[in-house]
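Q: this is the structure alone, sequence omitted:
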């Protein structure tokens, strides 16, 4: 017998069965499937895994997404010292949790990554508790920071401006072994090993060095940490050497005097080079303090101008100055000459040429110009009403009128040539073109009453039809003439010991602007100190790049040829152009560096604090401009004298110059 069942009853039975099945299923289990640090997988069974990297995050992969709120408290990291600060990131919808320690893990340390019972899945599921252990790599011990007065000096190999009362902190990547400290760390200067105390912080990762006595100012020290140092966990240290340069010692090395007294002192002391150290026979200036009988033509021209300052300032009497000038003129009248021009170097006893180089054994027109600049200035200073002085005036005129400036056009070219030799002829082949220190040569050549040159030699040869113009901006200052950054500072000094640039201009430049701007570029470059040399700029006040001796020999220093060498003559001979900056430099040279830099004839030629080198030399061409340009800054004396010469006025006007003294 068959029974008929309504279709809606069947549906009811099936639905009830489904509902009953759902009520019987339990909540799912949250399972940790995998944990890794970088590429290293960790064991979930409690086994300690070795060799875990120090700088990788920890990734946990779960069977399903986790509840982020519970994860932040349930997932922790710790070591033997306690909890390690971490941050969490969630990937794959929350099924992967990335643990980021706040810093690199410690070397050779055991860590525990814990997952507590508080962790929930997003569906409310929970899983077992985990305690996953691992041990980090044993890496070399490293210095991670060097701090001086709380400032991290970074990882540079050279650290500057180290205070004389040293307190330096070394921070290591791991705790260090205290027993190895004393024999591993030394601080050594030029005078030997410095007396320092070492202190180890409670975490054993920081070591403080304190000097028991003040370090020497502006001095190089070597901080050495040898490989005898080891970490507390046996980590090796490969050794480290850092070069430290202390800041300057601000204590004045000499009694502080007024600025005017200081200027006079510098002029008087520097004057001694041309007075006490002049060649005894010729009265000429020796090239340098080791030159013996070798005297220099251009440097003697500077020395003659220094004689004027000496007489005016009372360093010597007028009679003494005139007697010295008479000796110099007598020597020059009989010394070797080449179409009226003297050689660069001359034997002070015999007057014979001493070759400057293999092919430079004849007339040097530029050196002759620098000498004649001094002689004409002296001629203008002498009194025609005094017979002895009138005789010297006449003799200087004979020397002046016998220089064959036009011969040095080399067969009538529209340019002057620097050298000529009776046996080498023009082999030096050096035309004199601007912009550099040789403007005085063209002015004198144009001014000569006997062997003058036409204006075209100046415009085509020297000015190169305007190609000597620059017009670019360096260190925020426009440079009218010359090469990049202006070149060494003697370019704006040698010709202008006599030529007064104030208000002087021609078709190519305003020469006061040229010289001031050239000097400012040099100054600002040194203050900026892009090559990080020691002794430049603040707080030292050191600046000034020009030709001078250096730690390797001799070079024409400039911003484009910067070897870390400061030459006092550069800033001091720039006094007319940058009086404030030059006074700052002078006080640094004298008061701060004076115990190293000040000597019998004024300031030594140059110094390089980075190389811990100070010259023991004096050069006539560097000492002379110091005296003369300081005087031009103070009184304008040499400018007034040279510019009062009628031939000089005529020569400048002939070349197209205009100015208040013309």
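A: That came in fine, so what should we check first? Nothing here was measured: the structure is a model prediction, and the numbers come from that model. Numbers count the residues shown, from 1 in each chain.
Q: find the helix or strand that residue 280 is a member of.
A: Applying DSSP states H and E as the criterion places residue 280 outside every helix and strand.
Q: look up how far residue 610 lies from the residue lying closest to residue 166 once chain neighbours are set aside.
A: Once flanking residues are discounted, residue 166 sits nearest to residue 211: 3.9 Å by Cβ to Cβ, 6 or more residues apart in numbering. The way it works is simple: take the backbone N, C-alpha and C, and place the C-beta from them, glycine included. Distance, residue 211 to residue 610, using Cβ to Cβ, to the nearest Å: 22 Å.
Q: also residue 229?
A: Counting by Cβ to Cβ, the gap from residue 229 to residue 610 is 28 Å.
Q: in terms of neighbours, single out the busier of these two.
A: residue 229 (24 against 21; other Cβ atoms under 10 Å).
Q: so the more buried one touches residue 185, yeah?
A: Yes. Counting by Cβ atoms under 8 Å, residue 229 does reach residue 185; the two are 7.3 Å apart.
Q: check the secondary structure at the residue most central in space within the chain for me.
A: The chain has residue 533 as the residue nearest its centroid, 3.6 Å off, counting by Cα atoms, centre = their mean. Under DSSP: H, G, I helix; E, B strand; the rest coil, residue 533 falls in the coil class.
Q: residue contacts, it?
A: By Cβ atoms under 8 Å, 6 or more residues apart in numbering, the contact set of residue 533 is 562, 564, 608, 609, 610.
Q: distance check, the second one against residue 162.
A: Relative to residue 162, residue 564 is positioned 18 Å away (criterion: Cβ to Cβ).
Q: same question for residue 80.
A: 37 Å.
Q: so these two - more neighbours on which side?
A: Neighbour totals were compared for residue 80 and residue 162, and residue 162 leads with 21 against 9 (other Cβ under 10 Å).
Q: so the more buried one touches residue 215, yeah?
A: Yes. Residue 162 lies in contact with residue 215 (Cβ under 8 Å); the separation is 7.3 Å.
Q: between those two, which contacts overlap?
A: 221, 246.
Q: contacting residues around residue 473?
A: residue 479.
Q: what sits opposite it in the beta ladder?
A: For residue 473, the beta-bridge partners under DSSP bridges are residue 478.
Q: which pLDDT value goes with it?
A: Listed pLDDT for residue 473 reads 98.
Q: okay, how far is it across stretch 531-541, tip to tip?
A: One end of stretch 531-541 to the other measures 16 Å (Cα to Cα, to the nearest Å).
Q: wait, I meant stretch 582-593
A: 15 Å.
Q: got it, and stretch 192-202?
A: End to end - Cα to Cα - stretch 192-202 spans 31 Å.
Q: in it, which residues are buried?
A: Across stretch 192-202, burial judged by 16 or more other Cβ atoms under 10 Å covers 194, 196.
Q: can you tell me what sits against it?
A: Contacts of stretch 192-202 (Cβ under 8 Å, 6+ apart): 166, 176, 178, 181-182, 185-188, 206-213, 215, 221.
Q: mind checking which of those are buried?
A: The neighbour-count test (16+ other Cβ under 10 Å) applied to these identifies 166, 176, 181, 185, 187, 206, 207, 209, 211, 215, 221 as buried.
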